[in-house]
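J.: structure of the sequence below:
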Amino acid sequence: MPEIKGKDNIISFFKTFFGRNEEAKHLWTTVISEDKLKQVNWGVVCKKNGELFTLTGTDYFKIENNKIVYLEVVGNG
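T.: Prediction:
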């Protein structure tokens, strides 16, 4: 998955994802650290065209001045 940078690109990514899928359920864990790059491990079950599918992965992100300035979504397989 390509690197996504900038507010507009991040918003577009999530709007596209949720717009393509009829229903989605998420679970996640957040890795808390003092590093500038944060981590969220996630899993999602989605329904599209009546079929179910699952995705898992990790989001890496950076927040500056209470804003997301960097987001990388890495899917597992």
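
J.: list the contacts of Leu27.
T.: Counting by CB atoms under 8 Å, 6 or more residues apart in numbering, Leu27 makes contact with Trp42, Gly43, Val44. C-betas here are computed from N, CA, C, even on glycine.

J.: ok, which stretches of this protein are strands?
T.: For the chain, the strands defined by DSSP state E cover 4-5, 23-31, 37-48, 51-64, 67-75.

J.: reformat those strands as CSV; add distance to Phe13 and mean pLDDT.
T.: Below are the strands of the chain laid out as CSV (distance: least, CB to CB, whole Å; pLDDT from 0 to 100):
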stretch, distance to Phe13, mean pLDDT
strand 4-5, 5, 76
strand 23-31, 14, 91
strand 37-48, 14, 91
strand 51-64, 11, 90
strand 67-75, 7, 84
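
J.: among these, which is nearest Thr16?
T.: For Thr16, the closest of these is strand 4-5, at 10.9 Å, according to CB to CB.

J.: can you tell me what sits against that closest one?
T.: Ile10, Phe13, Val69, Tyr70, Leu71, Glu72, Val73.

J.: I'd say the third one and Lys62 touch.
T.: Right, Val69. Yes: look at Val69 against Lys62 with CB atoms under 8 Å: they come within range, at 5.4 Å.

J.: quickly list what the spatially closest residue to Leu55 that is not a sequence neighbour is bridged to.
T.: Spatially, and ignoring its direct neighbours in sequence, Leu55 is nearest to Val44 (5.1 Å; CB to CB, 6 or more residues apart in numbering). Beta-bridge pairing for Val44 (DSSP bridges): His26, Leu55.

J.: quick check: Val44 vs Ala24, distance?
T.: Computed with CB to CB, to the nearest Å, the distance linking Val44 and Ala24 is 6 Å.

J.: anything in contact with each of these two?
T.: If you check Val44 and Ala24 against CB under 8 Å, 6+ apart, no residue is contacted by both.

J.: run a quick neighbour tally on Glu22.
T.: Neighbour count of Glu22, defined by other CB atoms under 10 Å: 11.
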